[in-house]
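[1] Got a predicted structure plus its sequence, pasted below:
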Amino acid sequence: MEKMWAGRFSQALDGTADDFNASLRFDSRMYEQDIRGSMAHASMLGAQGIISTEDAALIIQTLGEILQDLKDGNLTFDEGGEDIHMFVEAELTHRIGEVGKRLHTARSRNDQVALDLRLYLRDETMGIIEQLRGLLTVLADSAERYADTIMPGYTHLQRAQPVTLGHHLMAYAMMFIRDIERMTDAVCRMNYSPLGCCALAGTTYPTDRRAVAQKLGFDGVTLNSLDGVSDRDFCLELMNAYATAMMHLSRFSEEIVLWCSWEFRFVELSDAYSTGSSIMPQKKNPDMAELIRGKTGRTYGNLMALYTTLKGLPLAYNKDMQEDKEAVFDSVDTLKMCLSVFTPMLATMKVHPERMRQAAAGGFINATDCADYLVKKGMAFRTAYKITGELVALCIREGTDLEHLPLETYREHSELFDTDLYDAIRLENCVAKRSSEGGTAPDSVRAQIAYVRQFLG
Ligand code: ARG
């Protein structure tokens, strides 16, 4: 196929160079945004008298037909096309001849691709936010169910203080809320139309950039044409937000992997989200969680790749920028796919509250409460801390725990100990007493759930 720019050239592009240069293979996924952008552009050209209103109408109608044909699979992306912008324009011209050749007036592929990418990422990010909201709903429902389910809370992966599963789940809800806020914020900053910046310097035609922007749902236009065509900050911001959401999913996945190990056995994943081993018949593997953890790496890689691509680019557009797409598309695909597996995996995960309770009962997880007991009876915290440490050491030597240590032994260490101690170190009470804002007490957790539900609206 003859190139649109063939006029300037006397020799055809080398085949391998042509393949190397082409981006249709991956940018064809933006066909809908490309066509929507072109329709808005054509309508503005007509309204401004830059082309006739009849030509504008024919272009818009034909673009609509091309869009429908692509959606229905009646038109396929031919191998020879350079990119989605050239492909759509060539198809338009193929269908309506000379009139189609008027579409690219007062426009360049440089502002066109910047527009398409913004429209595409706006659409996709809205979809991702919906997925995150679905995950938040599952988290809020589960947290409600397990608001009283005691489990060990860890620091350094050592049993630290008892918490509830509801509390633990709400910690993740807070992360996913921040992810939504980060994405919403990035979309707000991105929501300005670069169309009309043209190649780099603006245009001599009497365009109306704001009318196009409004038609496409933007909040305004980019204010400097050199910046408009060369800015990819919005890709970086969103890729950072996607990578952060992946990091949250990955940490959660890591815990699920641990929790379904036979050592923990806190949870069991549904068969629908587990796999078996090819050799060990007893195995039930948390492959989905592991894959999510594994795929997080590529979203970091994509972000670093684009940062690196951009760092040496002079203004304005450079072909290096074509490399933005595969990176950002891969991050979008990865996050969407991971969310579509993670949410139902979590929703169908079976919890073993008795195993969690059992694990919380060992490991002197109530030692802080024992020390606090003495403090409430008037002892200085440091002294109480030391005495409790000695009691723990004693328990370890004698193979017992704080719940079963006789009162006489306690009293040998401090006269302040009395029978009410056993109540003070009961796990249910340890949890119920941590009713500070954000704490693990069921009522505090219910307040957190209420916040999440309110966020969801
Ligand atoms: N395929 C190109 C890209 O993805 C579109 C812009 C091309 N502009 C140009 N002047 N070669 O960046």
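    Thanks, I have it. Numbers count the residues shown, from 1 in each chain.

[2] helices or strands next to the lengthiest helix in the chain in the packing?
    When secondary structure is assigned using DSSP state H, the longest helix within the chain turns out to be helix 109-145. Under the contact criterion of 3 or more C-beta pairs under 8 Å, 6 or more residues apart in numbering; DSSP states H and E, the helices and strands touching helix 109-145 comprise helix 31-47, helix 84-96, helix 165-190, helix 225-230, helix 233-259, helix 324-347, helix 442-456. To be clear about C-beta, it is placed using only N, CA and C from the backbone, and glycine gets the same treatment.

[3] so what does the helix or strand that the longest one is followed by touch, helix or strand wise?
    Heading C-terminal from helix 233-259, the first helix or strand you meet, by DSSP states H and E, is strand 267-268. Applying 3+ C-beta pairs under 8 Å, 6+ apart, one finds that strand 267-268 makes contact with strand 350-351.

[4] what's the strand it packs on packed up against?
    Helices and strands touching strand 350-351, by 3+ C-beta pairs under 8 Å, 6+ apart, are strand 267-268.

[5] Same question for the longest helix of the chain: list its buried residues.
    Neighbour counts over helix 109-145 (16 or more other C-beta atoms under 10 Å) mark 109-122, 124-125, 128-129, 131-132, 134-140, 142-143 as buried.

[6] The ligand contacts on the stretch 201-350 of the chain?
    Neighbours of the ligand within the stretch 201-350 of the chain, by C-beta under 6 Å from any ligand atom: 317, 319, 321, 322, 325.

[7] Touching, residue 344 and residue 288? I think so.
    No: assessed by C-beta atoms under 8 Å, residue 344 is found out of contact with residue 288, at 9.6 Å.

[8] Between the two, which contacts overlap?
    Contact with both residue 344 and residue 288 is made by residues residue 273, according to C-beta atoms under 8 Å, 6 or more residues apart in numbering.

[9] The two: who's more crowded?
    In terms of neighbours (other C-beta atoms under 10 Å), residue 288 is the more surrounded of residue 344 and residue 288; the figures are 21 against 17.

[10] For the more buried one, give me its contacts.
    Applying C-beta under 8 Å, 6+ apart to residue 288 gives the contacts 253, 269, 273, 274, 341, 342, 345.

[11] Which one (most neighbours) among these?
    Ranked by the number of neighbours (other C-beta under 10 Å), the contacts of residue 288 place residue 253 first, at 25 neighbours.

[12] That one reaches residue 289, doesn't it?
    Yes: at 3.8 Å, residue 253 and residue 289 qualify as touching, with contact defined as C-beta under 8 Å.

[13] Mind listing the shared neighbours of these two?
    For the pair residue 253 and residue 289, residues contacting each of them under the criterion C-beta under 8 Å, 6+ apart are residue 342.

[14] What are the neighbouring residues in contact with residue 101?
    With contact set as C-beta under 8 Å, 6+ apart, residue 101 has these partners: residue 93.

[15] and the closest residue to residue 142 other than its chain neighbours, how many neighbours does it have?
    The shortest distance from residue 142 to any non-neighbouring residue, by C-beta to C-beta, 6 or more residues apart in numbering, is to residue 169 (5.4 Å). Residue 169 has 26 neighbours, counted by other C-beta under 10 Å.

[16] Please pick the buried ones from the residues of the stretch 201-350 of the chain next to the ligand.
    Neighbour counting over those (16+ other C-beta under 10 Å) leaves 317, 321, 322, 325 as the buried ones.

[17] Quick check: which element contains the first one?
    Put plainly, it is residue 317. Using DSSP H and E, residue 317 falls within no helix or strand.

[18] Then residue 354?
    Element membership of residue 354, judged by DSSP H and E, is helix 353-361.

[19] Which SSE is immediately downstream of that helix?
    Next along the chain from helix 353-361, counting by DSSP H and E, comes helix 367-376.

[20] Against which helices or strands is the very next helix or strand once past that next one packed?
    Using DSSP H and E, the helix or strand that follows helix 367-376 in sequence is helix 381-398. In terms of contacts (3+ C-beta pairs under 8 Å, 6+ apart), helix 381-398 is packed against helix 367-376, helix 407-413.

[21] Who are the packing partners of the first one?
    Based on contacts counted as 3+ C-beta pairs under 8 Å, 6+ apart, the elements that helix 367-376 packs against are helix 381-398, helix 421-424, helix 427-433.

[22] so the nearest residue to residue 68 once chain neighbours are set aside, which of the three states?
    In space, and not counting its chain neighbours, residue 68 is closest to residue 74: 8.0 Å by C-beta to C-beta, 6+ apart. Each residue gets one of three states, and residue 74 gets coil by DSSP: H, G, I helix; E, B strand; the rest coil.

[23] how deep is residue 74 tucked in, by neighbour count?
    Other residues within reach of residue 74, judged by other C-beta under 10 Å, total 10.

[24] thinking again about what came up before, residues of the helix holding residue 354 that come out buried?
    Residues 353, 355, 356, 357, 359, 360, 361 are the ones in helix 353-361 that count as buried (16+ other C-beta under 10 Å).

[25] where's residue 291 relative to the ligand, distance?
    30 Å (C-beta to the nearest ligand atom, to the nearest Å).

[26] re the thing from before, any chance of a markdown table for the helices and strands packed on helix 109-145, columns distance to residue 58 and mean pLDDT?
    Compiled in a markdown table, the helices and strands packed on helix 109-145 are given as follows (distance: least, C-beta to C-beta, whole Å; pLDDT from 0 to 100):
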| stretch | distance to residue 58 | mean pLDDT |
| --- | --- | --- |
| helix 31-47 | 9 | 98 |
| helix 84-96 | 6 | 97 |
| helix 165-190 | 32 | 98 |
| helix 225-230 | 28 | 98 |
| helix 233-259 | 33 | 98 |
| helix 324-347 | 30 | 98 |
| helix 442-456 | 46 | 98 |
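
[27] Just put these in TSV and tack on distance to residue 382.
    Output for those, formatted as TSV (distance: least, C-beta to C-beta, whole Å):
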stretch	distance to residue 382
helix 31-47	64
helix 84-96	68
helix 165-190	28
helix 225-230	59
helix 233-259	33
helix 324-347	42
helix 442-456	27
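
[28] Tell me which of these lies nearest to residue 390.
    Closest approach to residue 390 among the helices and strands packed on helix 109-145 (C-beta to C-beta): helix 165-190, 30.2 Å.

[29] what is the orientation angle of that closest one with helix 442-456?
    Compare the direction of helix 165-190 with that of helix 442-456 by axes from the mean of the first three to the mean of the last three C-alpha atoms, to 10 degrees and you get 30 degrees.

[30] buried set for helix 165-190?
    If you call a residue buried by 16+ other C-beta under 10 Å, then helix 165-190 has these buried ones: 165-174, 176-177, 179-180, 182-183, 186-187, 190.

[31] Minimum distance to the ligand, which residue of the stretch 151-300 of the chain gives it?
    Going by C-beta to the nearest ligand atom, the ligand is nearest to residue 199 of the stretch 151-300 of the chain, at 7.2 Å.
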